[in-house]
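**Q** Provided below are the primary sequence and the corresponding predicted coordinates.
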Amino acid sequence: MQTYDTIIVGAGYAGLTATRELLKAGKKVILLEARDRVGGRVHTQHFEDGSYVDLGAAWVGPTQDKLYALAKEFAVETFPTYDTGKSTLFYNNKLKHYKGLIPPLPIGSLLSLDMAIKRINKLSKTVDLKSPWNTPDAAYYDSMTLATWMNRQMPFNSAKVMFKLAAEAIWAADPNEISMLHAMFYTKSCRDFDTLMNVKNGAQEERFVGGASLPALRLAETFKEHIRLKSVVRAITQQDNQVIVKGDGFELTASKVIVALPPTLAGRIEYAPIMPANRDQLTQRMPMGTVWKTYAIYDTPFWREAGLNGLSATNEGYVTVTFDNSPKDASKGIMMGFVLGNQAKAFNQLAPEERKASALDTFARFYGEKARKPLKYLDHSWAEEEFTRGCYAGLMPTGAWTSLGKALREPVGNIHWAGTETSDIWNGYIEGAIRSGERVAQEILKS
Ligand SMILES: Cc1cc2nc3c(=O)[nH]c(=O)nc-3n(C[C@H](O)[C@H](O)[C@H](O)COP(=O)(O)OP(=O)(O)OC[C@H]3O[C@@H](n4cnc5c(N)ncnc54)[C@H](O)[C@@H]3O)c2cc1C
């Protein structure tokens, strides 16, 4: 049986980072990855004509310093998300184009929306990021969903609708699925609500030339002899101060194991002895969000000629938010539409042709009839991926942070936990995954 200092499970950005850090420290390690590729929730799909789309993560923005550093180290260029021109809103059967960040709504609704955003920013400042359960009034905020809080905050329906659209785009979940304490934690973890929503000075500010997988692929290339693809880990046994990791056709031992998976997937591994009750219960309570990305690829980004920036929102249909995802040189026009939360759960049940017709209907409503005739249409569901089961990340429903949150990062014997869900900074993002990989490597080196 092969023996290692550390076995790392999962070659997303978290597992890759942990592997690199431990190799730097001279440790004997192996990284086991279920899929036939590295990158996990980041997957750039390339086409024969040279174009590409990010099926998973795509954007990087200010304060995501670790991801920027990695991109720089591996000579991956970033470029601004296109946002020149007017945004589009289809609401109450009316199509409106507008400049800047403020949607064309009645003044009462705008004030109500603005107050709600200010309020969530203020509340989020009170969160103890390292121990959210120690936040003042943690039990109170953990006893209500984000939806309950929204209903109390916003008397105007259109303010609520706009806030809901933003929340769905931020969490890929319905606000009734998320604890208010989690929403506050996540908001602070990513700076503030404005950062989460915005393109300029926000989480959607830039993309990667060549796609968001490129830094991961280039990093993995530097230690490829330490990575085993197509190696699904099924069972982890702790015995005699050693850990035995079993999968289909392999059995390896190590002093330590890092599980760098979303908690719900970590919970599907068979442990012996079984996990402590609170760890097991936690992994039963952290569902993944639900999201589809839909893409229509055109000869040119024709909406730009009409002065539109490709940023749109609507509360009708399945696709509710769109972005211009054309390449830096605009050699193609690529429109990306998100289907999020409950819309995504309904979209899951449509036939491929129905999904295509519905997404193109929405694009045509925003950008005219030309949008109905793309060179290519594709869509992608993360809930159907065996080794992800939903996106963007694992979410905390009511009660989970305050009753079980401690079990999220706490090692169990010689098993340590990583992955973006364990990060207190940029939780849910690539940046959080990288930081979790660095944190877990230090945890192991110090133990
Ligand atoms: C549609 C979408 C849009 C997103 N947009 C953005 C964005 O714009 N910017 C951003 O920063 N983030 C975004 N994210 C989130 C980002 O992708 C994740 O936060 C990040 O990639 C998580 O990395 P990770 O290493 O923690 O986990 P993962 O990437 O999930 O890595 C876990 C790895 O473990 C493997 N695995 C699973 N089970 C097993 C097993 N039993 N044995 C062995 N291996 C296993 C998986 O195949 C995977 O490779 C988005 C995600 C999605 C899906």
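**A** Happy to help now that I have it.

**Q** starting at the chain centroid, how far to the lengthiest helix in the chain?
**A** If you go by DSSP state H, the chain has its longest helix at helix 107-125. Centre-to-centre, helix 107-125 and its host chain are 24 Å apart (Cα atoms, centre = their mean, to the nearest Å).

**Q** For that helix, give me every contacting residue.
**A** 102-103, 105, 141, 150, 153-159, 162-163, 183-185, 187-188, 192-194 (Cβ atoms under 8 Å, 6 or more residues apart in numbering). No exception for glycine: its C-beta is placed from N, CA and C like everyone else's.

**Q** And for stretch 212-231?
**A** Applying Cβ under 8 Å, 6+ apart, the contact partners of stretch 212-231 are 11-13, 16-17, 19-20, 23, 29-39, 42-44, 54, 56-60, 67, 70-71, 74-76, 208, 247-248, 250, 430.

**Q** let's see it at 7 Å
**A** With Cβ atoms under 7 Å, 6 or more residues apart in numbering as the contact definition, stretch 212-231 has outside contacts at 11, 13, 16, 19-20, 23, 29-39, 42-44, 54, 57-58, 70-71, 74, 76, 208, 247, 250.

**Q** Out of the residues you listed, which sit inside strands?
**A** Residues of the contacts of stretch 212-231 located in strands (DSSP state E): 29, 30, 31, 32, 44, 54, 208, 247, 250.

**Q** And for the third one, the neighbour number?
**A** Look at residue 31: counted by other Cβ atoms under 10 Å, it has 28 neighbours.

**Q** Surely it and residue 12 touch.
**A** No. Using Cβ atoms under 7 Å, residue 31 makes no contact with residue 12, being 10.4 Å away.

**Q** okay, stretch 397-408 in PDB with CA atoms only?
**A** Taking Å, rounded to 0.1, in the frame of the first residue of the first chain, the C-alpha atoms of stretch 397-408 are listed here in PDB:
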ATOM      1  CA  PRO A 397     -30.300  27.400   6.000                       C
ATOM      2  CA  THR A 398     -31.800  28.800   9.200                       C
ATOM      3  CA  GLY A 399     -30.300  27.400  12.400                       C
ATOM      4  CA  ALA A 400     -27.200  25.800  10.900                       C
ATOM      5  CA  TRP A 401     -24.600  28.400  11.700                       C
ATOM      6  CA  THR A 402     -25.600  28.800  15.300                       C
ATOM      7  CA  SER A 403     -26.100  25.100  16.100                       C
ATOM      8  CA  LEU A 404     -23.500  23.400  14.000                       C
ATOM      9  CA  GLY A 405     -21.200  26.000  12.400                       C
ATOM     10  CA  LYS A 406     -18.200  25.100  14.600                       C
ATOM     11  CA  ALA A 407     -18.000  21.700  12.800                       C
ATOM     12  CA  LEU A 408     -17.400  23.300   9.400                       C
END
